[in-house]
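Visitor: Test case, fold it:
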Amino acid sequence: MTSALSMVLPILELSPYHRSLTDFAIKNLREKAKEPFELVIVETGEKSRLEKEADVYVHVSERTCIAHDMNLGLEAASSKIVGHTANDLVFEDDWDQALLEPWIVFESDCGATTLLANTHKPPSFLKIEEGFYGPVMTYKNTYRFDAERFPNIFGDTDLVMRIYRDGWRCYRNHSGKVRHLGGGEQTWRDVAGANRAQLFHEARDRFREVHQHSGIMMFRALWEGWAV
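Guide: Just a heads-up that it's a prediction; the model follows:
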């Protein structure tokens, strides 16, 4: 039976710290989910213990970029609703249901969902509202990352803008909470061997070039760094 949700977890372990993060992330995802879900692990480098931890396992021997590996995971996922996460995110109870609920409540225009992160201010009264948090999102299994233009940085930001340009919205469910520890996914950002700040600004300029004429408020929010 196909799960209601597939989550793609890309892994690149360069140190014992990354290994510990990964082991905890998988345990946390499984234990805090209310219902079974499909865990798709995409591992770059040597095969490891992770093959037995995944519902679907994809091995990538050559290190390229995170967008490429994300797309391999999305292609392997079997659910109609898919998403991505990272090994430095910590979820609270029923995170899976919080990601799925906006698809039901806002069925007419929901194109992506996310959760309340520790970087967001808790809402005063709204349970679900329009918002964006790139490290964890769900979306229809028809979308893919743009590995050519956004190989490592701004890939999730570009993805949500393309969802908006197709006429959909992204909703954040405040009943689902996630904490971003940091230090896990950062290893991907040095793939090109360039300075991280340089890569960030190059990707940000490219994001502006691609989406600045969309006429969509979300572009301004993302470009100006609003806490949405």
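
Visitor: which residues does Val42 contact?
Guide: Neighbour list for Val42: Val8, Leu9, Pro10, Ile11, Val58, His59, Val60, Asp69, Met70, Leu72, Gly73, Ala76 [criterion: C-beta atoms under 8 Å, 6 or more residues apart in numbering]. Just so you know, the C-beta spots here come from the backbone N, C-alpha and C atoms, and that holds for glycine as well.

Visitor: try it again with 10 Å
Guide: Contacts for Val42 (C-beta atoms under 10 Å, 6 or more residues apart in numbering) come out as 8-12, 50, 54, 56-60, 66, 68-74, 76, 84.

Visitor: give me the element it is part of.
Guide: In the assignment (DSSP states H and E), Val42 maps to strand 38-44.

Visitor: Helix or strand next in line after that strand, which one?
Guide: With secondary structure assigned by DSSP H and E, strand 38-44 is succeeded by strand 56-60.

Visitor: who does the strand holding Val42 pair up with?
Guide: On the basis of DSSP bridges, the sheet neighbours of strand 38-44 come out as strand 6-11 (parallel), strand 56-60 (parallel).

Visitor: Most tightly packed of the ones you listed?
Guide: Of the strands paired with strand 38-44, the one with the most neighbours on average (mean count of other C-beta atoms under 10 Å) is strand 6-11, at a mean of 25.

Visitor: got the CA positions of that one in CSV?
Guide: The C-alpha coordinates for strand 6-11 follow below in CSV (Å, rounded to 0.1, in the frame of the first residue of the first chain):
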residue,chain,number,x,y,z
SER,A,6,7.2,10.2,1.1
MET,A,7,10.1,12.1,2.6
VAL,A,8,13.5,12.4,0.9
LEU,A,9,16.6,12.5,3.2
PRO,A,10,19.8,13.2,1.3
ILE,A,11,22.9,12.1,3.2
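
Visitor: which of the residues in stretch 13-20 are buried?
Guide: Neighbour counts over stretch 13-20 (16 or more other C-beta atoms under 10 Å) mark Glu13, His18, Arg19 as buried.

Visitor: Doesn't Arg220 lie inside a helix?
Guide: Yes: membership of Arg220 in a helix is supported by DSSP: H, G, I helix; E, B strand; the rest coil.

Visitor: from what I can see it touches Trp226, true?
Guide: Yes: between Arg220 and Trp226 a contact is recorded at 7.7 Å, counting by C-beta atoms under 10 Å.

Visitor: Between these two, which contacts overlap?
Guide: Common neighbours of Arg220 and Trp226 are not found (criterion: C-beta under 10 Å, 6+ apart).

Visitor: show me what contacts Pro102?
Guide: Neighbouring residues of Pro102 by C-beta under 10 Å, 6+ apart: 110-114, 127-130, 138, 169-173, 176.
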